[in-house]
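1. No letters, just coordinates:
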């Protein structure tokens, strides 16, 4: 009797453990066909990765970046200017870029100024760049959207580790005026031997009644901007010699006056950047001519500025510079010339991180306010 139970349990276990249906092993021909299918799938995936198509996931073609700078200003005022002791997280910027294909790309830049924005706050949030770039035949690129105008040295390249001085120089700030962006389209082309060109048709400046013919306050920033008047900007840059950049740019604006009679305007700018070993030199000249009787009567029909900035890189981490700045936003009338002398150090503990200290000394005509003292800065890019 006991043997029968043991035999029954063994037979039941054998039935449960056995497969429901016996399967025949694949033939050599079936194995070969399966191998061919798998190999085709592997080859297709490799081709997609090589062509940049990958798996189609959008984030694989999207890049993030940014930069920021905090400033400390300890300046003594004269000629009516108040003393300034201020700490300010001047800028925090995020880049979001995306590559749709090897010929179509998107670039953007969002900036928070002065750490806090909103009602009663000193700062603001700005969309500084947002454009699509297309590669065309003959090494031509087309740009459409909101972009930085190709003028001067700092307007397109102004990340803190790339330049000397805590504050951006007053010439490009007040005359060009950096940072300056508009909306429209642009064609760019790179030629052999280091030559490149740009031609843009965009919205232009519109100075209001509160600051008539003031170039810097005329920036519309493409915030419901008046597009009834256009501006045409052109630039030629030569980088055919190592360490050298020579640039010339010009703009014609149909009208830069928001009210009253039309005021066409022309801007001419030229600059040089030269680096040889530890020595560096930057120099820039810019000039506006405003063509209206009202601008002439206000002494604003001529506005110009220039600076010269020699520098010396002591070693990998430390560099010293000096800069002479001169500009006049009312050169059509007598006086009004402003001068600023800067001298200081940059310290790079990492190529993308910089600590700065400089002294500024102003000498202005016509009793204009002056601020002299020391600036400290910390900047980074990633």
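-> In hand now; what should we look at? All values reported here derive from a predicted model rather than from experimental measurement. Numbers count the residues shown, from 1 in each chain.
2. I'd guessed residue 201 sits against residue 184; true?
-> Yes - taking contacts as Cβ atoms under 8 Å, residue 201 lies within contact range of residue 184: 5.1 Å. All C-beta atoms are positioned from the backbone trio N, CA, C, and that covers glycine.
3. Looking only at neighbour counts, state which of those two leads.
-> Neighbour count, other Cβ atoms under 10 Å: between residue 201 and residue 184, residue 184 has more, with 22 against 13.
4. can I assume the more buried one sits in a strand?
-> Yes - under DSSP: H, G, I helix; E, B strand; the rest coil, residue 184 sits within a strand.
5. Can you tell me the closest non-neighbouring residue to it?
-> Excluding the flanking residues, the one nearest residue 184 by Cβ to Cβ, 6 or more residues apart in numbering is residue 202, at 3.2 Å.
6. List the buried residues of the helix or strand hosting that neighbour.
-> Remark: residue 202 resides in strand 195-203, with elements defined by DSSP states H and E. Using 16 or more other Cβ atoms under 10 Å as the burial criterion, the residues of strand 195-203 that qualify are 196, 198, 200, 202, 203.
7. Can you lay out those as JSON lines showing pLDDT and distance to residue 293?
-> Conversion of the buried residues of strand 195-203 to JSON lines gives the following (pLDDT from 0 to 100; distance: Cβ to Cβ, whole Å):
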{"residue": "196", "pLDDT": "97", "distance to residue 293": "39"}
{"residue": "198", "pLDDT": "98", "distance to residue 293": "33"}
{"residue": "200", "pLDDT": "98", "distance to residue 293": "29"}
{"residue": "202", "pLDDT": "98", "distance to residue 293": "27"}
{"residue": "203", "pLDDT": "97", "distance to residue 293": "25"}
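8. can you put those in CSV and add distance to residue 95?
-> Written out in CSV, the entries for the buried residues of strand 195-203 read as follows (distance: Cβ to Cβ, whole Å):
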residue, distance to residue 95
196, 22
198, 21
200, 21
202, 21
203, 23
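9. so where do the strands sit in the stretch 251-382 of the chain?
-> 265-276, 279-290, 302-313, 318-328, 338-350, 353-364, 370-381 (DSSP state E, counting those that start in this stretch).
10. Just name whatever secondary elements the third one is in contact with.
-> Contacts of strand 302-313 with other secondary structure elements, assessed using 3 or more Cβ pairs under 8 Å, 6 or more residues apart in numbering; DSSP states H and E, are made with helix 170-174, strand 279-290, strand 318-328.
11. same thing with the last one?
-> Applying 3+ Cβ pairs under 8 Å, 6+ apart, one finds that strand 370-381 contacts strand 62-78, strand 353-364.
12. Quick one: name whatever helix or strand follows the strand holding residue 202.
-> For strand 195-203, the succeeding helix or strand toward the C-terminus, using DSSP H and E, is strand 230-238.
13. for that following strand, which positions count as buried?
-> Buried positions in strand 230-238, judged by neighbour count with 16+ other Cβ under 10 Å: 231, 233, 234, 235, 236, 237, 238.
14. go on, stretch 270-277?
-> Within stretch 270-277, judged by 16+ other Cβ under 10 Å, the buried ones are 270, 271, 272, 273.
15. Stretch 351-364 too?
-> Per 16+ other Cβ under 10 Å, stretch 351-364 contains these buried residues: 354, 355, 356, 357, 358, 360, 362, 364.
16. with the residues you listed in mind, which one is nearest to residue 132?
-> Ranking the buried residues of stretch 351-364 by separation from residue 132, with Cβ to Cβ as the measure, puts residue 354 on top at 31.7 Å.
17. Contact partners for the closest one?
-> Contact analysis of residue 354 by Cβ atoms under 8 Å, 6 or more residues apart in numbering lists 160, 161, 346, 347, 348, 377, 378, 379, 380.
18. Of those residues, select the buried ones using a ChimeraX command.
-> One line in ChimeraX is enough to select the buried ones among the contacts of residue 354; burial here means 16+ other Cβ under 10 Å:
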select :160,161,346,348,377,378,379,380
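19. before we move on, back to that, of the buried residues of strand 230-238, closest to residue 260?
-> For residue 260, the closest of the buried residues of strand 230-238 turns out to be residue 231, at 18.5 Å, with distances computed as Cβ to Cβ.
20. pLDDT score for the spatially closest residue to that closest one that is not a sequence neighbour?
-> Here the nearest residue to residue 231 in space, its sequence neighbours aside, is residue 204; by Cβ to Cβ, 6+ apart that works out to 3.4 Å. In this prediction, residue 204 carries a pLDDT score of 95.
21. go on, residue 209?
-> Confidence at residue 209, expressed as pLDDT, is 73.
22. Could you number the chain from 294 rather than 1 from now on?
-> Done: numbering now begins at 294, and the last item shifts to residue 502.
23. My read is that it contacts residue 591, right?
-> No - the pair residue 502 / residue 591 is not scored as a contact, 11.8 Å apart, by Cβ under 8 Å.
24. Looking at the buried residues of stretch 644-657, which gets the smallest pLDDT?
-> Comparing pLDDT over those, the lowest reading goes to residue 657, 94.
25. Can you report how many residues lie near the nearest residue to that residue once chain neighbours are set aside?
-> Once its chain neighbours are removed from consideration, residue 657 has its nearest residue in residue 631; the separation is 4.5 Å (Cβ to Cβ, 6+ apart). The local packing count at residue 631 equals 22, with neighbours defined by other Cβ under 10 Å.
26. any idea which helix or strand of the chain has the worst average confidence?
-> With mean pLDDT, DSSP states H and E as the measure, the helix or strand of the chain carrying the lowest mean pLDDT is helix 295-310 (a mean of 43).
27. Noted, bye for now.
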